[in-house]
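1. what follows is a protein structure lacking sequence information:
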């Protein structure tokens, strides 16, 4: 089974919203990153590397911060 690609959308009350390119992870691994003691995280799933890279490029073009 091929692992999906993930981008974490992080909402930090002090730093604002930013994104983290997480790469390939199993669904179980990705679920662990949704929990946060401070702020909120949303994991966005991409089933292909092409979709994942396209979304990262779209976010960069929109001026979003990617870590």
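-> That came in fine, so what should we check first? If you're wondering where the values come from, they're calculated on a predicted model, not measured in any experiment. Residues are numbered from 1 along each chain as shown.
2. what comes up buried for stretch 30-44?
-> Buried residues in stretch 30-44, counting neighbours by 16 or more other Cβ atoms under 10 Å, are found at 30, 33, 43. Just so you know, the C-beta spots here come from the backbone N, C-alpha and C atoms, and that holds for glycine as well.
3. quickly find the element holding the last one.
-> Meaning residue 43. Secondary structure from DSSP states H and E places residue 43 in strand 40-46.
4. now swap in the first one and tell me
-> With elements delineated by DSSP H and E, residue 30 resides in helix 27-32, which encompasses its position.
5. next, count neighbours for residue 4.
-> 19 (other Cβ atoms under 10 Å).
6. which residues sit against stretch 58-65?
-> 7, 17, 18, 19, 66 (Cβ atoms under 8 Å, 6 or more residues apart in numbering).
7. swap in stretch 40-54?
-> With Cβ under 8 Å, 6+ apart as the criterion, stretch 40-54 contacts 4-11, 22, 27, 30-31, 33-35, 55.
8. filter those down to just the ones in helices.
-> 27, 30, 31, 55 (DSSP state H).
9. turn those into CSV, including pLDDT.
-> Output for those, formatted as CSV (pLDDT from 0 to 100):
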residue, pLDDT
27, 96
30, 96
31, 95
55, 98
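10. farthest pair within those residues?
-> Greatest spacing in these, by Cβ to Cβ: 31 and 55 (19.5 Å).
11. quick one, strands of the protein?
-> 5-12, 16-24, 40-46 (DSSP state E).
12. average model confidence for the strand holding residue 43?
-> Strand 40-46 carries an average pLDDT of 97.
13. what angle do it and strand 5-12 make?
-> 160 degrees (axes from the mean of the first three to the mean of the last three Cα atoms, to 10 degrees).
14. okay then, goodbye and thanks.
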